[in-house]
Structures are given as C-alpha cells and as structure tokens.
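>>> Need coordinates for the following:
(one chain, ligands or ions: 2)
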Amino acid sequence: MGVAIADYDGNGFMDILVGNDNERNFLFRNDHGKFTEVGIESAVAYNEDGIPVSSMGVDFRDLNDDGRPDVVITALGGESFPLFINSGNGYFTASNYQVGIGFLTRRLSGWEWGRLTSTMTAIKTCSPQILM
Ligand SMILES: [Ca+2]
Ligand SMILES: [Ca+2]
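Ligands and ions are numbered 1, 2, ... in the order given. Predicted structure coming up:
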C-alpha cells in the first residue's frame, strides 16, 4: 500500500521498501543499480508475530538518532503497527512491543506516521535503552 525510500544499509544507493496489504513486505536492496528483494532476510517482511499486516503506510525514519533509517508501518485496527529498528548490519529488529506501541496501536487504523510524531517522542523518552 505504501512505498518508502532510503539508504538503509549505508552503501550509498537508495533502497525501496514496499508495504503490501496482508502480504509480506518487500525491501529492494540497491547494489549499484541492481535491486534484490531482501524483505525476509532483513526481517521486515512480517510483523513481530511472523504474520503479514495490512501495511497501509510505510516509512523510513531514524527513530533512535543513530543515523540509520528504521522502518515504521501503519496498519488497520486489530493489528499493531510494526516498528523495526535498523541494527546496522543489514537486519532489522521488530520492536513494537518492546517500545510499548504494540498494544497502543492495536485499536488504531493509520495510513501514515506523519501525525504520530508525539508517539515517536514518547518512544524515545520512555525506552532509550531499547532504541540506542
Ligand atoms: Ca542502500
Ligand atoms: Ca535508527
């Protein structure tokens, strides 16, 4: 449902994240213009429970100020909003329950994270040990 672009692995080439509705998400790694789909290998294909969500909106944002783009995804009510922290080695760690938004977002439906900046500030404030 959504597309986000960032250089998630720091190789100097912009990569493409594609959120798919109730299908696994795709992450196309750009290696000098050759794209390889690495959603499963990088651990952003499924949510923390290992299942796909509606992935209504996807975005790269550096949530923990470490210079690496993390992945945030919005979904429909009954699902939680997946959040993946970029570990810097080509992999992401599903962290929505660890930072406390797993249950908070289960009752929400969202199409983008733009208006949830206060939530992200709360994440940084409440769970700096997880996001560092
Ligand atoms: Ca890249
Ligand atoms: Ca980051």
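>>> Buried residues of stretch 39-51, list them for me.
The neighbour-count check on stretch 39-51 (16 or more other C-beta atoms under 10 Å) flags Gly39, Ser42, Ala43, Val44, Ala45, Tyr46, Asn47, Glu48 as buried. For glycine as for every other residue, the C-beta is placed from the backbone atoms N, C-alpha and C.
>>> er, stretch 93-101 I mean
For stretch 93-101, burial by neighbour count (16+ other C-beta under 10 Å) applies to Ala94, Ser95, Asn96, Gln98, Val99, Gly100, Ile101.
>>> just to revisit the earlier point, from the buried residues of stretch 39-51, pick the one nearest Gly90.
Ser42 (6.0 Å; C-beta to C-beta).
>>> thinking again about what came up before, which of the buried residues of stretch 93-101 sit farthest apart?
So, those by C-beta to C-beta: farthest apart are Ala94 and Gly100, at 13.6 Å.
>>> Can you list the residue ranges for strands in this protein?
2-6, 15-19, 26-31, 34-37, 57-61, 70-74, 83-86, 92-94 (DSSP state E).
>>> can you tell me which of the ones you listed comes nearest to Glu112?
Nearest of these to Glu112, taken as C-beta to C-beta: strand 57-61 at 4.0 Å.
>>> Residues contacting the closest one, please?
The contact list for strand 57-61 (C-beta atoms under 8 Å, 6 or more residues apart in numbering) reads 1-6, 8, 17-19, 25, 69-74, 110-113, 120.
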